[in-house]
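Asker: Need a 3D model of the sequence below.
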Amino acid sequence: MPYFDAASSAPLHPVARQALLASLDEGWADPGRLYREGRRAAVLLDAARETAAEAVGCRPDELVFTSSGTGAVHSGVTGALSGRRRVGRHLVLSAVEHSSVLHTAAAFEAEGGTYTEVPVDRTGAVDPSVFGRALRPDTALACLQSANHEVGTEQPVAETAEVCAASGVPLLVDAAQSLGWGPVPGRWSLLTASAHKWGGPAGVGLLAVRKGTRFAPRGPSDERESGRAAGFQNIPAIVAAAASLRAVRAEAAAEAARLGTLVDRIRAVVGGLVPDTEVVGDPVRRLPHLVTFSCLYVDGETLLHELDLAGFSVSSGSSCTSSTLTPSHVLKAMGVLTEGNVRVSLPSGTTDQEVSAFLDVLPRVVAGVREKLGAPAPAAPSPVVGGSPVVDALGRRCPIPVIELAKMIGEVPVGSTVTVLSDDEAARLDIPAWCAMREQEYVGEEPADRGSAYVVRRLV
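Answerer: Numbers count the residues shown, from 1 in each chain. Below is the predicted model:
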């Protein structure tokens, strides 16, 4: 069964497995002790730190191991903000950062701080000059991911780091998705990553804080990991993480070329195989193993379930896969379709035959989901208000409002409008995205007694 969700968690690399098993017998003792078992553990920990630091591009004494990538982000953001609290209480971040960054920003705001989200373009990338204009004299820290976890777009980190350096603001880079493919360029100040993203074991994160960066760890002090990560180190897992990082880096160029060819193939043909499909993310400046596309008139949760039954494990940022029915903040910030979203992220070793099998199955699965959803017949004729037909989609969830709009638009003359009534949060994003895909005019949103009224003008 092909596993196509490496962006969530990559399969354990063979080198990680070997290193983990070998170090279980040698790395169980306390590395802070002076007896022989402690010394052996300390040697393993020091060697792993040197290996990881070389991959990151920092000094070994600038890098600590944490219990997760999320923990590294939390420690990095809060420590940098605390270290520069005399500068101010303002944080800058992109609108498509990982939830761990957003959660930390929300907690910072609850404590009296403020933060600014920098918008992205339709590919999911920030403009360094726009990012720079968000910096203020009281900005203590800026955050920018190296590559997006949902759509694969790489950010202009080096250029943004220069903008931040010119303003005297440290830049924290979340490199969870990209570190296995290569070092992060530029004059960043802090960097975080997570081992399970590159084929290491779960439960190991990295936090690098370059010399000269003001940093004050939050919470009770701890004698381990320079006081920046509390608790006893999981040395076997750390050794396996460092060993697998070195191994995947050695394979990165060849795998990037091979997987990139497979992803290019998916990007090129999926729109022709599946009508009304939009491939999102930057077509060039992106991770080599990841492609994301959105299908109109599809329930994301049902689509993923059907693909799983067909033997393919993929993921989605679609609002339809969330129990809260809240659209993906990444897709929302990009202004692209949030319904029927599929992320395919290929692990190392994926074959051409596996991708071919996926492309063979996908059109049938999507067609089946669309047929199941159908376009439900209205209980009564659609009312007409001021000559404008009204689609009543109140109480109906993604993708029904767009399906109903697509049915109605062909029944009105060119130049006339259709109004969609909906109380589904996803409609606010998906109706404008549908208009862009189908070359219709999105007039705007108007208040309604329930939900909102979305007005669309037929152009073609």
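
Asker: gap between residue 196 and residue 333?
Answerer: 25 Å (C-beta to C-beta, to the nearest Å). Placement of C-beta: from N, CA and C, glycine included.

Asker: Could you do residue 184 as well?
Answerer: Note on residue 184: its distance to residue 333, by C-beta to C-beta, is 22 Å.

Asker: Likewise for residue 357?
Answerer: 33 Å.

Asker: Give me the more crowded residue out of those two.
Answerer: More crowded of residue 357 and residue 333, by other C-beta atoms under 10 Å: residue 333, with 21 against 15.

Asker: now that one, what's its secondary structure?
Answerer: helix (DSSP: H, G, I helix; E, B strand; the rest coil).

Asker: Just give the nearest non-adjacent residue to it, would you?
Answerer: residue 95 (3.9 Å; C-beta to C-beta, 6 or more residues apart in numbering).

Asker: got it, and residue 400?
Answerer: The nearest residue in space to residue 400 (C-beta to C-beta, 6+ apart) is residue 393, at 5.8 Å.

Asker: Quick check: the one you found touching residue 431?
Answerer: No: shown here, residue 393 and residue 431 do not form a contact pair, counting by C-beta atoms under 8 Å, at 9.9 Å.

Asker: Am I right that residue 442 is in a strand?
Answerer: Yes: with three-state DSSP as the criterion, residue 442 is assigned to a strand.

Asker: count of neighbours near it?
Answerer: 15.

Asker: Let me see the mean pLDDT of stretch 261-279.
Answerer: The pLDDT scores in stretch 261-279 average 93.

Asker: and that stretch, which residues are buried?
Answerer: Counting neighbours by 16 or more other C-beta atoms under 10 Å, one finds that the buried residues in stretch 261-279 are 262-263, 266-267, 270, 274, 276-279.

Asker: Stretch 213-229: end-to-end distance?
Answerer: The stretch stretch 213-229 measures 17 Å between its terminal residues, going by C-alpha to C-alpha, to the nearest Å.

Asker: what does that stretch contact?
Answerer: 32, 61, 64-67, 71-72, 75, 78-80, 82-85, 170, 189-190, 207, 209, 230-233 (C-beta atoms under 8 Å, 6 or more residues apart in numbering).

Asker: In strands, which of those fall?
Answerer: Judged by DSSP state E, strands contain the following of the contacts of stretch 213-229: 64-66, 190, 207, 209.

Asker: Can I get the residues you listed in a markdown table including distance to residue 362?
Answerer: As requested, those are arranged in a markdown table below (distance: C-beta to C-beta, whole Å):
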| residue | distance to residue 362 |
| --- | --- |
| 64 | 43 |
| 65 | 40 |
| 66 | 38 |
| 190 | 40 |
| 207 | 39 |
| 209 | 44 |
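
Asker: Now for those residues: which two are most distant?
Answerer: Taking C-beta to C-beta as the measure, these span a maximum distance of 14.9 Å, between 65 and 190.

Asker: which element is residue 22 on?
Answerer: Secondary structure from DSSP states H and E places residue 22 in helix 14-24.

Asker: Quick check: buried residues in the following helix or strand past that helix?
Answerer: Note on helix 14-24: by DSSP H and E, the next helix or strand toward the C-terminus is helix 36-56. Buried residues in helix 36-56, counted by 16+ other C-beta under 10 Å: 40-42, 44-45, 48-49, 51-56.

Asker: before we move on, what about stretch 6-18?
Answerer: Buried-residue list, stretch 6-18, by 16+ other C-beta under 10 Å: 6-7, 9-10, 12-13, 15-17.

Asker: Give the rounded mean pLDDT of it.
Answerer: 96.

Asker: can you list contacts of it?
Answerer: Residues outside stretch 6-18 that contact it (C-beta under 8 Å, 6+ apart): 3, 149-150, 152, 177, 180, 196-202, 240-241, 243-244, 246-248, 287, 289-290, 315, 343, 345-348.

Asker: Repeat that for stretch 254-262.
Answerer: With contact meaning C-beta under 8 Å, 6+ apart, stretch 254-262 is reached by 181, 248, 288-289, 346, 348, 350, 352, 355.

Asker: Who wins on neighbours among those?
Answerer: Using other C-beta under 10 Å as the neighbour criterion, residue 346 leads the contacts of stretch 254-262 with 28 neighbours.

Asker: ok, now which ones touch that residue?
Answerer: By C-beta under 8 Å, 6+ apart, residue 346 lies in contact with 4, 6, 259, 262-263, 289-290, 355.

Asker: and of the residues you listed, the nearest to residue 442?
Answerer: The nearest member of those to residue 442, counting by C-beta to C-beta, is residue 290 at 28.9 Å.

Asker: Run through the bridge partners of that closest one.
Answerer: Beta bridges link residue 290 to residue 345 when assigned by DSSP bridges.

Asker: I figured it was touching residue 345, is that so?
Answerer: Yes: the pair residue 290 / residue 345 is scored as a contact, 4.4 Å apart, by C-beta under 8 Å.

Asker: Can you work out which residues contact both of these two?
Answerer: 7, 152.

Asker: Overlap of the contact sets of residue 393 and residue 431?
Answerer: Shared contacts of residue 393 and residue 431 (C-beta under 8 Å, 6+ apart): 401, 405, 420, 422.

Asker: what two of the residues you listed have the greatest distance between them?
Answerer: The widest separation within the shared contacts of residue 393 and residue 431 (C-beta to C-beta) is 9.3 Å, between 405 and 422.

Asker: If you count surrounding residues, which of the two has more?
Answerer: Neighbour count, other C-beta under 10 Å: between residue 405 and residue 422, residue 422 has more, with 30 against 25.
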